[in-house]
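> sequence first, then the predicted structure:
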Amino acid sequence: MMDNVLITLLQKELSADLHDPLNEKELQLRVQEKVSELIEHDFQGLINILYRIDVSEVKLKQLLKTGEGKDAALIIGNLIIERQAEKLKHLHHFKDLNKGDDKEEKW
């Protein structure tokens, strides 16, 4: 089962119903379908989502160039999932760092 926090975050960012619980393949497929829909009907909206999520433009261009013949929606969808999972990993890491019992002032 996929991390519910990741699914919720993706649902919010993509304005999509991703129906949890999902396995990784189902999540990829649903995100790919949403990205495909955005490519066809709201490309500017997709661009806005990519910037808001902070998907690396350089990495995206490189993967699209080297992945010729592959579905662009799959490549973009995987990058979106990867970036959101990375954000959650960093969030959990910093939460763990701040759990100490020390009495120091924390930012």
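Looks like it arrived, so ask away. Residues are numbered from 1 along each chain as shown.

> so which bits of the longest helix along the chain are buried?
If you go by DSSP state H, the chain has its longest helix at helix 72-97. Residues 72-77, 79-81, 83-85 are the ones in helix 72-97 that count as buried (16 or more other C-beta atoms under 10 Å). For the C-beta atoms, the positions are set from N, CA and C on the backbone; glycine is no exception.

> tell me the spacing between the closest residue to residue 85 other than its chain neighbours and residue 49.
Leaving aside its sequence neighbours, residue 85 sits nearest to residue 6 (C-beta to C-beta, 6 or more residues apart in numbering; 5.8 Å). Separation of residue 6 from residue 49 (C-beta to C-beta, to the nearest Å): 16 Å.

> sorry, back to before: distance to residue 32 and pLDDT added to the buried residues of helix 72-97, as CSV?
Shown next, in CSV, are the buried residues of helix 72-97 (distance: C-beta to C-beta, whole Å; pLDDT from 0 to 100):
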residue, distance to residue 32, pLDDT
72, 10, 95
73, 5, 96
74, 5, 96
75, 9, 96
76, 8, 96
77, 4, 95
79, 11, 96
80, 10, 96
81, 10, 93
83, 15, 94
84, 14, 93
85, 16, 91
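
> this protein: helices as residue ranges?
Ranges of helices within the chain are 4-14, 24-41, 43-53, 57-66, 72-97, based on DSSP H.

> dump the residue contacts of the residue lying closest to residue 34 once chain neighbours are set aside.
Among residues not flanking residue 34 along the chain, residue 16 sits closest, at 4.4 Å (C-beta to C-beta, 6+ apart). By C-beta atoms under 8 Å, 6 or more residues apart in numbering, the contact set of residue 16 is 10, 30-31, 34.

> columns distance to residue 55 on top of the buried residues of helix 72-97, output as TSV?
Formatted as TSV, the buried residues of helix 72-97 follow (distance: C-beta to C-beta, whole Å):
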residue	distance to residue 55
72	13
73	14
74	14
75	11
76	8
77	11
79	5
80	6
81	10
83	5
84	9
85	12
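
> ok and the longest helix of the chain relative to helix 4-14, angle-wise?
On the basis of axes from the mean of the first three to the mean of the last three C-alpha atoms, to 10 degrees, helix 72-97 is oriented at 130 degrees to helix 4-14.
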